[in-house]
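Engineer: kindly return the folded structure for what I paste below:
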Amino acid sequence: PMTSIPIPPSQKNVATIRLATPSDYEQLHSIYVPYVLNTAISFEAVPPTLEDFKNRNETLRTKYPFLVCQVGASVVGYAYGSEFRSRFCYRWTVETSVYVQENFQSRGIGTVLMRKLLSLLSVLGYRSVIGIISLPNEPSVTLHQKLGFSQVGLLKRVGYKNNRWIDVGIWELMFEPDESPSAPVSIDNVSVDPVTFDMS
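Structural biologist: Below you'll find the model as predicted:
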């Protein structure tokens with residue numbers, strides 16, 4: 001795992017949300033790996049290699065909003081949109097994911113990342129946003145409910161990890177529907193300015 005970059009005291013409470021770049025992938029990988037090894041939040045059993053992680057996220061980054069939260073020189077969280085289903089008629093629906101480094105959880109980072117992500121997804125033309133949550137995961141459930149998601153489904157005992165069966169909840173957020181919607185556009189069609197906020 002990558003060694004954390006020290007954060008100057010003057011910058012410890014100031015965070016910036018911006019679009020991810022390829023230079024972020026090593027830090028993003030170091031955030032994701034503990035989720036695979038230590039939790040059932042990720043259903044992967046073996047962490048992806050850094051190269052595999054780079055490849056799959058580069059595909060996402062060029063189409064969907066892929067945001068990072070930076071504190072000082074360190075990336076401490078990220079959130080992104082991804083394809084919900086591949087069939088043509090699902091193209092107005094998008095799935096979201098958010099990960100925050102353990103030491104920076106419960107400081108509002110996930111909320112700010114997701115609010116910015118949802119705003120961008122709406123601008124791009126998506127009408128329905130899906131959150132898939134392995135249960136129990138009270139922080140993620142609380143976050144999604146705070147953002148306006150409603151639970152629309154429960155898949156019982158569909159995963160097995162860490163010696164237990166896992167239920168998966170499905171949460172959905174609907175944007176204002178269009179009767180004749182245009183196809184969503186990719187992220188490179190909009191300008192995204194960084195957002196700075198105080199975590200204190």
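
Engineer: where does pLDDT dip in the protein?
Structural biologist: 1-11 (pLDDT under 70).

Engineer: just the buried residues of the top helix by length along the chain, please?
Structural biologist: Assignment by DSSP state H gives helix 109-124 as the longest helix of the chain. For helix 109-124, the neighbour count (16 or more other CB atoms under 10 Å) marks 109-118, 120-121, 124 as buried. Using the backbone N, CA and C atoms, a C-beta is placed for each residue, glycine as well.

Engineer: nearest to P177 among those residues?
Structural biologist: Each of the buried residues of helix 109-124 was checked against P177 using CB to CB; the closest is L121, at 14.3 Å.

Engineer: from V94, how far off is the closest one?
Structural biologist: 6 Å (CB to CB, to the nearest Å).

Engineer: same check on D188?
Structural biologist: Separation of D188 from V94 (CB to CB): 16 Å.

Engineer: neighbour-wise, which of these two wins?
Structural biologist: Using other CB atoms under 10 Å as the criterion, D188 and V94 rank with V94 on top: 24 against 11.

Engineer: so which residues of this protein form strands?
Structural biologist: 14-19, 66-71, 74-83, 93-100, 128-135, 150-161, 164-174, 195-198 (DSSP state E).

Engineer: in the longest one, what's buried?
Structural biologist: By neighbour count, with 16+ other CB under 10 Å as the criterion, the buried positions of strand 150-161 are K161.

Engineer: which strands and helices lie in contact with it?
Structural biologist: The contact analysis (3 or more CB pairs under 8 Å, 6 or more residues apart in numbering; DSSP states H and E) places strand 150-161 against strand 164-174.

Engineer: between helix 109-124 and the strand it packs on, find me the angle.
Structural biologist: In terms of direction (axes from the mean of the first three to the mean of the last three CA atoms, to 10 degrees), strand 164-174 departs from helix 109-124 by 50 degrees.

Engineer: chain center to strand 164-174: distance?
Structural biologist: Its chain's average C-alpha position is 15 Å from that of strand 164-174, according to CA atoms, centre = their mean, to the nearest Å.
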